[in-house]
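**Student:** Return atomic coordinates for the entry below.
(chains A and B)
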Amino acid sequence: MKRLSRIAATTALALTTTLSALSVSAETLTFVSWQKDDPSFGAWWDEVIAEFEATHEGVDIEMTRVARNEYATSMFTMFAGAAPPDIVHLAAFEYQPFAAEGWLEPLDPYIAESGLDLTGWAGQATCEWDGNTSCLMLLYAGYVMAYNEALLADAGVTTPPTDWESFLAAARAATKDTDGDGVTDKFGVGMPTKGASSVMHGILNFVLGAGGDWTVDGKPTFDSEGTIEGLRRWKQLFDEGLTPRDLGTSDMRQLHIEGHIAMLLDGPWVRGVQKRAAEDMLPNLKLAKTPFSPPVGGTSNVLAIPSDISDERKNLVWDFIQIAASEKYQQRFSAISSSPAPRPGLDYSAEIAAEPYFELIAEQANAAAAAGVDRLPRGLEIEFPEVGKIVLQEVQRMLIEDIDPAVTGKTIQERVLAIKK
Amino acid sequence: MIDFSAPKNRKTFGYLLLAPAVILMAAIIVYPILLSVDVSLQDVRIARIGEDAKPRTLDNYRWLFGSHEFWRAGWVTAKMVFFVGGTALVIGLATAMLVNQRFKGRAAARLFVALPWAVPEVVATVVWAWMLDSSFGVINWGLLQVGLIDQPIQFASDANAAFFAVCFVMIWKGYPLMSIMLLAGLQSIPEEQYQAAKVDGAGPFQRFWYVTIPNLMPVIGVTLVMTTLWVFRDFAIIHVLTEGGPLGATTSLSIMTYEQSFSFFRMGQGAAVGVVTLIICAFISRALVGRFANSPH
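**Tutor:** So this is what the prediction gives:
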């Protein structure tokens, strides 16, 4: 009997403790992101979440990681099943179908009420959809050139290339079979051929450098002179075997930090990848301006509120967004990610002192923004996945069947116009 | 109150016992199928549970049957089914007969034969993707070293190489099921039949052809149906290795369903591809099961 009483008392105590804990954490906001546990962005999210929880007693944020390559599908499934996460985090090039379905709450009333000033906020125009502000832009970045100084020096290239001709010459010089087994093991450049958006972003470097673009004023221009010249330059790298084939962006980054690829055109996040290289390799890995002007640039990821949740939860999510957009956390964003934050007017002197490439990264972002560059072709936002597939198929055909880039450009233009009808 | 012990109520009792399983199956199998059919009959980019249905239309099926991509995906799937199914059957039967013999190390050999089946599909495919890489893959390196090729094979950018690379990985992953099923079939063949055939003067090939094969026919039928359905619905191997490329050379019906639904956000069209795939699978299953179930044995 005594034992029974003891068990009953222990159970009652455990229940009371659990229930009191539940009453304190009465509300939990769900947050899905591919950046959870990311070495740089993940740390920033942790700080923002900690600040939110500290200032909102009884409200917790439950952050869950979903891998980047299945992210859009997972979010789409959650929204379609009428169970979206409370805090919506999406890539800037994939939020449009969600906004078009009316799944994202217009933020304009919240912005007006809170007085958040988004003037000069980098890339924020991309968040305008159908006359509403559908999201808050979290990053606008310009591309840089990651390079291996030792590989270039071994090839007789002492300074990073500054235009197409010097880039091609450096790529030719750095491509080698160093162990004499008949297989090239050092490549001058790494261009992904897997993943439609990665391939489009890669080609865009050459297209912009040749004076072209995917769209002009929202109209497809895949058959313009500059775009065709860009395709021709990209094709030349493959024709001459200056880049590995059949690999995706992350494979290229890995090969770069292992010393197999001399030059890589990528976003500023490539610096974070370089820092993961082996100790003896790291001093060789550097950043420079891309040899092409203007550089590829573009919006990266956004925060939004789902329209399905209760007004009370929407207000909480807006509070979260405000913390992320505050001067303090925008400054922390720059410090942690080594990238300029979208909020204008921040003082970057500490970041520049901590990261020698910070100025270069900011300069490239400004150059891309000044030229109005966005990786996401304007006017093709909703059709982007299909356009990406068309471009991927046609450039693959161009490489495999050795098709004239002018023909490829024309074919892409016709196919894109057909889906626009 | 119904007396279930009474003979007249036994049937009702039986139905009552079956009811939970039937209801569960209806909920998790029939309902999604009906939902897919419903979505396929709507002009909808993104379907959402609980929202009012749009007017019914056959537009998605008109698009489907007029689409070059659909016919190509159907042809690619058919080629995969024949090639993977046929080759896996031959290898599966050969390995099953091998490990059915008595020899030292038979247990280890059986384990070795079944090993690819035990490796998670995505993990195995990622490993193969690296091994088949055209610039740094060990397979190209090996072929170059032994002089079988003088240029690396572009497994992901040559349409034929990509197709056979996908089929090869599918066969590697799929033959152990064949082998295990056929081994079970081989062990169920009465030894007396072989002894009687020997007495009648039948040689090894005749015993294989007139005793083993007819006895195995029902197992072969079921296994072929399972392999066919597996190839039809397999997504991970193709998606990881080639993403359906190059130029659609490995875009099967399952890849096309995924692409339309989740990449292009055209759920109506994706559901139409899925429904047609389901109907094709149902016909093939019925035909194969019927054919082999009525085998001479």
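**Student:** Can you give the contact residues for the host helix or strand of residue A:333?
**Tutor:** Here residue A:333 is covered by helix A:327-337, with elements defined by DSSP states H and E. Outside helix A:327-337, the residues within contact range by CB atoms under 8 Å, 6 or more residues apart in numbering or on different chains are A:40-41, A:43-44, A:47-48, A:51, A:138-139, A:269, A:272, A:323-324, A:339-343, A:346-348, A:350-351, A:354, A:358. C-beta here means a position set from N, CA and C on the backbone, and glycine is covered the same way.
**Student:** Which neighbouring elements make contact with the following helix or strand past it?
**Tutor:** Proceeding N to C from helix A:327-337, the next assigned helix or strand is helix A:349-354, under DSSP H and E. Secondary-structure packing of helix A:349-354 (3 or more CB pairs under 8 Å, 6 or more residues apart in numbering or on different chains; DSSP states H and E): helix A:327-337, helix A:358-370.
**Student:** Check residue B:49 and give its pLDDT.
**Tutor:** For residue B:49, the pLDDT comes out at 69.
**Student:** pLDDT weak spots in the chain?
**Tutor:** Assuming you mean chain A. A:1-26 (pLDDT under 70).
**Student:** was after chain B, sorry
**Tutor:** B:1, B:49-50, B:290-297.
**Student:** residues from it in reach of chain A?
**Tutor:** When proximity is defined by CB under 8 Å from any CB of the partner chain, chain B lies next to chain A at B:45-50, B:133-136, B:140-141, B:144-145, B:152, B:154-159, B:243, B:245-248, B:259, B:262-265, B:267.
**Student:** the helices in the stretch 51-200 of chain B, which residues?
**Tutor:** B:59-65, B:68-100, B:106-118, B:121-131, B:138-145, B:159-187, B:191-199 (DSSP state H, counting those that start in this stretch).
**Student:** can you put these in CSV and add mean neighbour count?
**Tutor:** Formatted as CSV, these follow (neighbours: other CB atoms under 10 Å in any protein chain shown):
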stretch, mean neighbour count
helix B:59-65, 17
helix B:68-100, 18
helix B:106-118, 14
helix B:121-131, 17
helix B:138-145, 16
helix B:159-187, 21
helix B:191-199, 12
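**Student:** Using JSON lines, please lay out the ones you listed together with distance to residue A:365.
**Tutor:** JSON lines is the format used below for these (distance: least, CB to CB, whole Å):
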{"stretch": "helix B:59-65", "distance to residue A:365": "42"}
{"stretch": "helix B:68-100", "distance to residue A:365": "39"}
{"stretch": "helix B:106-118", "distance to residue A:365": "48"}
{"stretch": "helix B:121-131", "distance to residue A:365": "34"}
{"stretch": "helix B:138-145", "distance to residue A:365": "39"}
{"stretch": "helix B:159-187", "distance to residue A:365": "38"}
{"stretch": "helix B:191-199", "distance to residue A:365": "78"}
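**Student:** How about the residues of the stretch 201-350 of chain A by chain B?
**Tutor:** Residues of the stretch 201-350 of chain A lying near chain B (CB under 8 Å from any CB): A:244-247, A:255, A:260.
**Student:** Quick one: classify residue A:303 as helix, strand or coil.
**Tutor:** strand (DSSP: H, G, I helix; E, B strand; the rest coil).
**Student:** Can you name the residues bridging to it?
**Tutor:** Using DSSP bridges, the bridge partners assigned to residue A:303 are residue A:89, residue A:136.
**Student:** show me what contacts it?
**Tutor:** Counting by CB under 8 Å, 6+ apart, residue A:303 has contacts A:87-89, A:135-136, A:138, A:320-321, A:324.
**Student:** Look up how far residue B:44 lies from it.
**Tutor:** 28 Å (CB to CB, to the nearest Å).
**Student:** before we move on, what about residue B:177?
**Tutor:** 37 Å.
**Student:** Repeat that for residue A:180.
**Tutor:** 59 Å.
**Student:** Looking at these two, which has the bigger crowd around it?
**Tutor:** Set side by side, residue A:180 and residue B:44 show more neighbours around residue B:44, with 21 against 8, by other CB atoms under 10 Å in any protein chain shown.
**Student:** That one contacts residue B:265, correct?
**Tutor:** No: look at residue B:44 against residue B:265 with CB atoms under 8 Å: they stay out of range, at 9.8 Å.
**Student:** Bridge partners for the residue nearest to residue A:417 when sequence neighbours are not counted, pull those for me.
**Tutor:** Residue nearest to residue A:417 in three dimensions, not counting chain neighbours: residue A:220, with 6.3 Å by CB to CB, 6 or more residues apart in numbering or on different chains. For residue A:220, the beta-bridge partners are residue A:215 (DSSP bridges).
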